[in-house]
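Q: prediction below, plus the sequence it came from.
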Amino acid sequence: MNVASELTKEPALSFARVMSSAPLIIFVVLLIYLAIAAPNLLEPSTISLILKQSVPTVIVCLGLATVVVAGGDDVVSGGIDLSIPATAVLCAGVIADQLTNHGSSLFFALALAIAAALAMGIVNALLVVFIGMTPLLATLASSVAAVGITKVITSSRRINIDHPFIIYIRDGDIGGVPSAVLVAAVFVLIFCIAVHRTRWGMQLQAVGGSREAAEVSGIKASRLVAQSFMLAAIAGALASVFVLARGSGSTPGSEENLLLEMVLATFLGAAFSPRRIVTVWGAVLGAVLVSVLSVGFKSIGVDVFWTGCIKGSLILIVVASAAYTGKAQS
Amino acid sequence: MSESAPSTTFSGFGPKAIFVRYGFLIIIAAFFVFFSLYTDSFLNANNLLNIVEGSAILLILALGMTLIVAMGGIDLSIGIAMDFGAAFAIVAMKEYQIAWYVAVFIGIAGGSIVGLLNAFLVVKLKVSPFMATLGTFFIGSSVQRIFTNGGGPISYRRVAQEYRDLAVGDIAGIPTEVVIAFVVLVIYFLLLERSIFGKRMHAIGMQQSAASIAGIKVRNYLFFGFVFASATCAIGGLIGSANLRMFTPLAGYSYLLDAIAAVFIGASIHPRGRPNVPGTLIGVLFLGIVANGLNLMGLNFNTKDALSGIILVGALALAVMQKRLR
């Protein structure tokens, strides 16, 4: 299969170059257009709003990027975790229910949410590593179960939250920078260093690159993959706090949009990396850009129903150009 | 591959051998017995017919999914194809007073648009089926929201009785939707399991590059598969819209995971672990039995959702485990 494409490599190269940067070009054009159409987009207050809005997506992207790094970026047979948004919404439901309906302490509510997330992580890791289910199927199924459990906990109702901690995450700032953004930045740094700068992270990348090769060189691949799912679930729990802050409470069904943004941002991020692979930095950058587009389109008055269409098309452009580049290079 | 090795190691009658061969069927039987004992009305001819009737739409969608999975892909947009089928047919009849039998074809054509987009993305642009159909799913959902101004249903109360009969009528005492689902089942069985065409589709699913070298026109088959599957799903949408006499936006989404689950349960029952038509039927009936039984137990709506989600995870885990032990 490589031989055939090797022959067609030369003439397609220049066009392939253009194709490979197509998502970047489209994004830059969209950004310039939005900046002209909505001049206030570049004001500090808008930028701070955009960053704040992007925090839940950024955090779930950290989890997805970790799983994809460990599992390889083939969407069907490689690593993917579609259950992170469902985990986030489950944890948000748990926290909201505990704080508002049961009057529990914040510490207890957070501990319970982390326990719920760990349970999700264990289920995913068991399904994928122990039973050998494809991550796609496993996490799709576990996300349905998580959504069902969320419904039981919240009785499918919206739960408002007025706990000072959540309000602080929503409104507070440190030296003019929103506290949510600062907290998120710390998590981003932790994930980045863990995945890209540590021995553990190198092993994780080795497993994602070639599982057989990693195992031959003595890396315990199954354990690392299981750990990546646990980390993804924890990212879901962390995101839940910001989901609660952004919505001032838990809302049933908010996982769907988060899922869309997570997948878009993570795979868009791959288009920014020099080797076109999923990285933590790329995913974070992708999440912020998606948020810029969301806020930008809203501020120039694009109907909110159109945003799914625009984002869906962007996903397709990104993956189509990636697929095209891959075809030309391999 | 381990798939080709004959299962001589499990030829005994030990518990492991029985589990590997009949594990899932035993679970289905267990659920059946449990619901029969726990509720009075489960084991009742009328209720059993209800299960079959309630499974008709899911079966049609799951068959479309079987075709795609057999070719090694996945289709996350089957719900969109179903919605488009319903929308095109209802709008054609309501806004343009088109005869119902023409509207049926318009609906199927409308669903096929989704398949055409998928096929274009997968075959022409080489996007992986997962990402392609995910994109189609988001775009299709968004289009429905735009078209209905946020997701309000389009109802058409004065729909032709013949169209309504697609869902509520019966042919020789058998509900029409069951007859339709049965016809689709037979077509898929002949196509996928009893023809050269189906053999080639399975070959593509097992190893695309080998199939290509063996002279199978993989691209044509993939193209046909995506369009045919979405046209099939549109039929499910027609039945759904005929039943309610309206088009409900985004209604198809709820069938997606059940359809995937049914296909994978079916594959686990197959001796070589391949997705197959009879297996999908068993998977669909299992999901139908669970849904019906939980309903009859009189559980709270939310509890039912959570339980069926958990049963789904368990069933899939068991199905995959059974397949791996083989």
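A: Nice, thanks for sending it over.
Q: which strands or helices does the one helix or strand B:Val183 maps to pack on?
A: Following DSSP states H and E, one finds B:Val183 within helix B:176-193. If you count contacts as 3 or more C-beta pairs under 8 Å, 6 or more residues apart in numbering or on different chains; DSSP states H and E, helix B:176-193 packs onto helix B:45-54, helix B:56-70, helix B:161-168, helix B:196-206, helix B:218-244, helix B:277-296. Placement of C-beta: from N, CA and C, glycine included.
Q: report the buried residues of it.
A: B:176-181, B:184-185, B:188-189, B:191-192 (16 or more other C-beta atoms under 10 Å in any protein chain shown).
Q: closest to chain A out of those?
A: The closest of those to chain A turns out to be B:Leu192 (C-beta to the nearest C-beta; 20.4 Å).
Q: next one: that closest one from A:Ala113, what distance?
A: From B:Leu192 across to A:Ala113, the span is 45 Å (C-beta to C-beta, to the nearest Å).
Q: swap in A:Ile153?
A: Using C-beta to C-beta, A:Ile153 is found at 11 Å from A:Ala113.
Q: and the two? which has more neighbours close in?
A: Counting neighbours by other C-beta atoms under 10 Å in any protein chain shown for A:Ile153 and for A:Ala113 shows that A:Ala113 has the greater number, 27 against 20.
Q: which positions within stretch B:155-171 qualify as buried?
A: Buried-residue list, stretch B:155-171, by 16+ other C-beta under 10 Å: B:156, B:159, B:163-167.
Q: try stretch A:157-167
A: By 16+ other C-beta under 10 Å, the buried positions in stretch A:157-167 come out as A:159, A:161, A:163, A:165-166.
Q: tell me which two of those residues sit farthest apart.
A: A:Ile159 and A:Phe165 (15.5 Å; C-beta to C-beta).
Q: make CSV from the buried residues of helix B:176-193 and add pLDDT to it.
A: What follows is the buried residues of helix B:176-193, written out as CSV (pLDDT from 0 to 100):
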residue, pLDDT
B:Thr176, 90
B:Glu177, 91
B:Val178, 93
B:Val179, 93
B:Ile180, 95
B:Ala181, 95
B:Val184, 96
B:Leu185, 97
B:Tyr188, 96
B:Phe189, 96
B:Leu191, 94
B:Leu192, 93
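Q: quickly check: stretch B:62-75 near chain A or not.
A: Yes - judged by C-beta under 8 Å from any C-beta of the partner chain, stretch B:62-75 and chain A are in contact via B:Ile74.
Q: C-alpha coordinates for that stretch, CSV please?
A: C-alpha atoms of stretch B:62-75 as CSV (Å, rounded to 0.1, in the frame of the first residue of the first chain):
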residue,chain,number,x,y,z
ALA,B,62,-29.4,-1.9,13.1
LEU,B,63,-29.5,-3.7,9.8
GLY,B,64,-28.1,-0.6,8.0
MET,B,65,-25.5,-0.5,10.7
THR,B,66,-24.7,-4.2,10.2
LEU,B,67,-23.8,-3.5,6.6
ILE,B,68,-21.4,-0.7,7.4
VAL,B,69,-19.8,-2.6,10.3
ALA,B,70,-19.4,-5.7,8.1
MET,B,71,-17.4,-3.5,5.7
GLY,B,72,-15.2,-2.4,8.6
GLY,B,73,-16.7,1.0,9.2
ILE,B,74,-19.1,2.6,11.5
ASP,B,75,-22.0,5.0,10.9
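Q: and it, how far from the chain's centre?
A: Here stretch B:62-75 shows a centroid-to-chain-centroid distance of 9 Å under the convention C-alpha atoms, centre = their mean, to the nearest Å.
Q: identify the residues contacting stretch B:303-323?
A: Applying C-beta atoms under 8 Å, 6 or more residues apart in numbering or on different chains, the external contacts of stretch B:303-323 come out as A:123, A:126-127, A:131-133, A:137-138, A:141-142, A:144-149, A:151-152, B:19-20, B:23-24, B:27, B:257-258, B:261, B:264-265, B:267-269, B:273, B:286-287, B:290-291, B:294-295, B:299.
Q: I meant stretch A:91-103, not that one.
A: Counting by C-beta under 8 Å, 6+ apart, A:104, A:106, A:108-110, A:112-114, A:116-117, A:150, A:153-154, A:159-161, A:163, A:166, A:236-237, A:239-241, A:243-244, A:249-250, A:252, A:254 sit against stretch A:91-103.
Q: is any part of stretch A:58-72 close to chain B?
A: No - under the criterion of C-beta under 8 Å from any C-beta, stretch A:58-72 makes no contact with chain B; the nearest approach is 12.6 Å.
Q: also stretch A:130-146?
A: Yes - contact of stretch A:130-146 with chain B (C-beta under 8 Å from any C-beta) involves A:131-133, A:136-138, A:140-142, A:144-146.
Q: mind checking which of the residues you listed are buried?
A: Using 16+ other C-beta under 10 Å, the buried members of the residues of stretch A:130-146 next to chain B are A:131, A:133, A:136-138, A:140-142, A:144-146.
Q: wait, what's in contact with the residue lying closest to A:Ser156 once chain neighbours are set aside?
A: Sequence neighbours aside, A:Pro252 is the residue nearest to A:Ser156 in space, at 5.1 Å (criterion: C-beta to C-beta, 6 or more residues apart in numbering or on different chains). Contacts for A:Pro252 were tallied using C-beta under 8 Å, 6+ apart; they are A:89, A:93, A:150-151, A:154, A:156-158.
Q: in chain A, which residue is closest to the centre?
A: With distances taken as C-alpha atoms, centre = their mean, A:Cys61 lies nearest the centre of chain A, 2.0 Å away.
Q: correct me, but that one touches A:Leu289?
A: No - using C-beta atoms under 8 Å, A:Cys61 is not in contact with A:Leu289; the gap is 11.4 Å.
Q: mind listing the shared neighbours of these two?
A: Counting by C-beta under 8 Å, 6+ apart, the common neighbours of A:Cys61 and A:Leu289 are A:Ala265.
Q: sorry, back to before: and of the buried residues of stretch A:157-167, the nearest to B:Phe247?
A: The nearest member of those to B:Phe247, counting by C-beta to C-beta, is A:Ile159 at 32.3 Å.
Q: who touches the closest one in this structure?
A: So A:Ile159 contacts A:93, A:96-97, A:100-101, A:249-250 (C-beta under 8 Å, 6+ apart).
Q: please save the CA atoms from the helix holding B:Val183 in CSV.
A: Extracted C-alpha coordinates of helix B:176-193, given in CSV (Å, rounded to 0.1, in the frame of the first residue of the first chain):
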residue,chain,number,x,y,z
THR,B,176,-47.4,-3.5,8.9
GLU,B,177,-44.2,-2.2,10.5
VAL,B,178,-43.3,-5.8,11.5
VAL,B,179,-44.0,-6.9,7.9
ILE,B,180,-41.8,-4.1,6.6
ALA,B,181,-39.0,-4.9,9.1
PHE,B,182,-39.2,-8.5,8.1
VAL,B,183,-38.9,-7.7,4.4
VAL,B,184,-35.9,-5.5,5.1
LEU,B,185,-34.5,-8.3,7.2
VAL,B,186,-34.9,-10.9,4.4
ILE,B,187,-33.3,-8.5,1.8
TYR,B,188,-30.3,-7.9,4.1
PHE,B,189,-30.0,-11.6,4.8
LEU,B,190,-29.9,-12.5,1.2
LEU,B,191,-27.6,-9.5,0.3
LEU,B,192,-25.1,-9.9,3.1
GLU,B,193,-25.1,-13.6,3.9
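Q: what residues does the stretch 51-200 of chain B have near chain A?
A: B:74, B:121, B:125-132, B:134-139, B:141-143, B:145-146, B:149-150.
Q: just give me how far stretch B:99-116 sits from the chain centre.
A: Offset of stretch B:99-116 from its chain centre (C-alpha atoms, centre = their mean): 18 Å.
Q: all set, thanks.
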